[in-house]
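*Asks:* Provided below are the primary sequence and the corresponding predicted coordinates.
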Amino acid sequence: MKLNELEDYRLRQKKLILKSRLIIGFLAAAMAALWYWCGSGVSLQEQQMMNSVRRAQEYLYGLRTKSGSEFDPANDPYRTGFIGLEWSPLSTTLGALPAKRTVCDPRWSVVVRRWMESLKLQSGDCVAVYSSSSFPGMAFNVLRALESLRLEPLLIVSLGASTWGANDPLFPWPLIEKALRSAGYLRTKAMFYTLGGGREIGGGMPDEATSVLVKAAEVNDVPIVKKASLDEMVQWKMDLLEQHHAKALISIGGSEANMGPGNDILRLRPGLHLSGEAGSGVIGRALRAGYPVVHLLNIKGLCAETGVPYDAPPSTVFHGGRAKWGLLAGVILFTVALAVYKRWTF
């Protein structure tokens, strides 16, 4: 190799090394920016809130395992205490066990808290929580989120539950609520209960179930409201929003009064809504009346929307919905780098 060829080779090598270092440096900076944008985790307040959710779950799990019920710990591998029975007289519809486990994840409390913060609510503001007993783990997460912001929940619970929900005759929702409140894990007490079931007035529920639920409500000293029709139940719930000057509504599960008759509600994606059309149930009427509404149903869709993993072990590490966009951007950056930094030819 001649001297001038050697010098030319060395020059090309230096340029290649410089180019490689620039590309690697750019990629490192871009990935660091993406990591920062996605969020490095949660705030101290959010961390404390999630820790309190897990402590409450461990407490409830201990009560359930010692209760002598038919509760099978194998169905609750994450030890949340909020997983019910495959079937019982309290069951109104079929439910998916993985979804029931997913809603127990304490990261949902962070999701709900951030939604409420985005609405600029003030301490002491009333937020209506109209929940079925099908997702007791989600109901508890929601209540802890509201309490952490010093908001005032207006809690109405329909007591019928789908399978794997709060359908254990020894631990229906009223007794779960009372146990958590007595142990200091919950401040909120329901204002009213409804029976749930068909038209949310106990339709299709056996007498045995009604008897269990009425007794549990009495133990927790919460009245059960009964109306003559579904329309009356919807109107009653709407009147409560106005009477208590609610600033928002959170609907959990598939309560018939909340959802309304027909299939219009099925077109409403899960999550936070500031407006929209969603039928003639409480959700639809509240949206038309100008109330922000959080619609908590379709758990897989909620997971895709928020970044909470589906049927995964509970965790207090949470990056939120931005994480998926950060991952996508990282893949794009890697592809661009491969295209620019070629080590081959076709």
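*Replies:* All right, it came through fine. Residues are numbered from 1 along each chain as shown.
*Asks:* now the spatially closest residue to residue 236 that is not a sequence neighbour, what's its secondary structure?
*Replies:* Distances taken as CB to CB, 6 or more residues apart in numbering put residue 227 closest to residue 236, at 6.1 Å, once the chain neighbours are dropped. Placement of C-beta: from N, CA and C, glycine included. With DSSP: H, G, I helix; E, B strand; the rest coil as the basis, residue 227 sits in coil.
*Asks:* what distance do you get for residue 227 to residue 25?
*Replies:* Distance, residue 227 to residue 25, by CB to CB, to the nearest Å: 67 Å.
*Asks:* same thing with residue 102?
*Replies:* If you go by CB to CB, the gap between residue 102 and residue 25 works out to 40 Å.
*Asks:* so what's the residue nearest to residue 236 up against?
*Replies:* Residues in contact with residue 227 (CB atoms under 8 Å, 6 or more residues apart in numbering) are 200-201, 233, 236.
*Asks:* helices of the protein, residue ranges please.
*Replies:* 3-38, 44-65, 97-102, 107-118, 136-148, 173-182, 207-219, 230-243, 256-259, 282-288, 299-306, 322-340 (DSSP state H).
*Asks:* list the helices and strands the fifth one packs on?
*Replies:* Here helix 136-148 touches helix 44-65, helix 107-118, strand 126-132, strand 152-158, helix 173-182, strand 248-252, going by 3 or more CB pairs under 8 Å, 6 or more residues apart in numbering; DSSP states H and E.
*Asks:* 7 Å - rerun?
*Replies:* helix 44-65, helix 107-118, strand 126-132, strand 248-252 (3 or more CB pairs under 7 Å, 6 or more residues apart in numbering; DSSP states H and E).
*Asks:* model confidence over that helix, on average?
*Replies:* Averaged across helix 136-148, the pLDDT comes to 98.
*Asks:* mean pLDDT for the helices of the chain: which is lowest?
*Replies:* Ranked on mean pLDDT, the bottom entry among these is helix 322-340, at a mean of 66.
*Asks:* more neighbours: residue 102 and residue 25, which one.
*Replies:* A direct count of neighbours by other CB atoms under 10 Å for residue 102 and residue 25 places residue 102 higher, at 25 against 10.
*Asks:* right, and that one touches residue 310 too?
*Replies:* Yes - with contacts defined as CB atoms under 7 Å, residue 102 counts as touching residue 310 at a distance of 5.3 Å.
*Asks:* which residues are common contacts for those two?
*Replies:* Counting by CB atoms under 7 Å, 6 or more residues apart in numbering, the shared contacts of residue 102 and residue 310 are residue 303.
*Asks:* please parse this protein into its domains.
*Replies:* 3-40+322-340, 44-306 (automatic domain parsing).
*Asks:* save the ones you listed as a markdown table, and put in distance to residue 315 too.
*Replies:* Below are these laid out as a markdown table (distance: least, CB to CB, whole Å):
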| stretch | distance to residue 315 |
| --- | --- |
| domain 3-40+322-340 | 13 |
| domain 44-306 | 7 |
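*Asks:* just the ones you listed: most buried one?
*Replies:* Among the domains of the chain, domain 44-306 has the highest mean neighbour count (mean count of other CB atoms under 10 Å), at a mean of 20.
*Asks:* about what we covered before: with distance to residue 331 added, can I get the contacts of residue 227 in CSV?
*Replies:* CSV is the format used below for the contacts of residue 227 (distance: CB to CB, whole Å):
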residue, distance to residue 331
200, 46
201, 52
233, 49
236, 51
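*Asks:* from the residues you listed, which two are the most distant?
*Replies:* By the measure CB to CB, 201 and 236 form the most distant pair in the contacts of residue 227, at 11.0 Å.
*Asks:* quote the end-to-end distance of stretch 291-304.
*Replies:* 24 Å (CA to CA, to the nearest Å).
*Asks:* check stretch 179-191 too.
*Replies:* Stretch 179-191 end-to-end distance (CA to CA) = 16 Å.
*Asks:* please report the distance of the spatially most central residue of the chain from residue 241.
*Replies:* Residue closest to the average C-alpha location in the chain (CA atoms, centre = their mean): residue 108, at 4.1 Å. Separation of residue 108 from residue 241 (CB to CB): 23 Å.
*Asks:* repeat that for residue 221.
*Replies:* 24 Å.
*Asks:* same deal with residue 217?
*Replies:* For residue 217, the distance to residue 241 (CB to CB) stands at 22 Å.
*Asks:* and for residue 158?
*Replies:* From residue 158 over to residue 241 (counting by CB to CB), the distance is 16 Å.
*Asks:* same check on residue 62?
*Replies:* Distance, residue 62 to residue 241, by CB to CB: 37 Å.
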